[in-house]
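K.L.:
Quick one, structure for this:
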Amino acid sequence: MTDIKGKIDQKLKEGKAILEHLNVQINLGAMEAEVEFEKQKRNFRKWLDDASAQLDEAIKGGEKELENLKPKLEELRVQAALGKAETRDALKEQQKEMSRSLHNFRQEMKKIYEASQNKWSDFWNSSDDKVNEFHTKFDLFKLQFHLGKKESEEALNEKKKELSKKLEEFKLKLDEKAEVGEEKWDHFTSELSEAWSHLRKAVTGD
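P.N.:
Alright, predicted model coming up:
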């Protein structure tokens, strides 16, 4: 139980750190956001290298169902490896394709996880939050590249306030989950995944 509680605590700690970064990203200007986009592509490439190695280890360890994730992961590698966009339209296209590839990866990951008997796999425990983190960050770039260009400063500020409120609500939800037990792990992860989805919807307006 101690090990399980430690994993839960670590998951909550990482979730809060992600939210703090998103709160900073929300307030970046358009030019700053373009620089941050390239930084996050580099961070994402590094994580993909680590995830690929961990995925191979999990498969060798008997989690054969994870083989289905490899093509989706390679699709993400292609997007993350693209060079710096030279125009705003090219930048928007990179952001769009990155978010699409992340969505496909998350959907495949969710399907495999729900069918898996090994809910405590190290791969699941370390990957879920990171995928949600990058998906939300790259969705937030959509807001900064699109909304910031065509909407008034007042409308953009209103969106920032809305997102800041959502981030605070998410932090409270994480605090509420601090004492979850082993027997509620599936429910815990499901609720966190749903919270991430709500946050991304607030980001994109979809």
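
K.L.:
just checking, next helix/strand downstream of the helix or strand of the chain with the lowest mean pLDDT?
P.N.:
Lowest by mean pLDDT, DSSP states H and E among the helices and strands of the chain is helix 148-150, with a mean of 54. As assigned by DSSP states H and E, the chain's next helix or strand after helix 148-150 is helix 153-176.

K.L.:
What's the mean pLDDT across the helix or strand harbouring I112?
P.N.:
Applying DSSP H and E as the criterion places I112 in helix 88-115. Helix 88-115 comes out with an average pLDDT of 88.

K.L.:
buried stuff in that helix?
P.N.:
Buried residues in helix 88-115, counted by 16 or more other C-beta atoms under 10 Å: 91-92, 94-96, 98-99, 101-102, 105-106, 108-109, 112-113. No exception for glycine: its C-beta is placed from N, CA and C like everyone else's.

K.L.:
any idea which helix or strand comes after it?
P.N.:
Per DSSP H and E, the first helix or strand lying C-terminal to helix 88-115 is helix 122-142.

K.L.:
What is that following helix packed up against?
P.N.:
helix 2-26, helix 30-60, helix 88-115, helix 185-204 (3 or more C-beta pairs under 8 Å, 6 or more residues apart in numbering; DSSP states H and E).

K.L.:
what's the burial count for the residue nearest to R88 when sequence neighbours are not counted?
P.N.:
Nearest in space to R88, with sequence neighbours left out and distances taken as C-beta to C-beta, 6 or more residues apart in numbering, is F145 at 7.2 Å. Using other C-beta atoms under 10 Å, F145 has 20 neighbouring residues.

K.L.:
pLDDT at F145, what is it?
P.N.:
79.

K.L.:
so what's it up against?
P.N.:
Contacts for F145 (C-beta atoms under 8 Å, 6 or more residues apart in numbering) come out as 30, 33-34, 88, 91-92, 95.

K.L.:
Likewise for E108?
P.N.:
68-69, 72.

K.L.:
ok, E38 touching G83?
P.N.:
No. Assessed by C-beta atoms under 8 Å, E38 is found out of contact with G83, at 9.5 Å.

K.L.:
quick one on the thing from earlier: any chance of the helices and strands packed on helix 122-142 in a markdown table, with distance to Q79 too?
P.N.:
Formatted as a markdown table, these follow (distance: least, C-beta to C-beta, whole Å):
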| stretch | distance to Q79 |
| --- | --- |
| helix 2-26 | 19 |
| helix 30-60 | 8 |
| helix 88-115 | 5 |
| helix 185-204 | 17 |
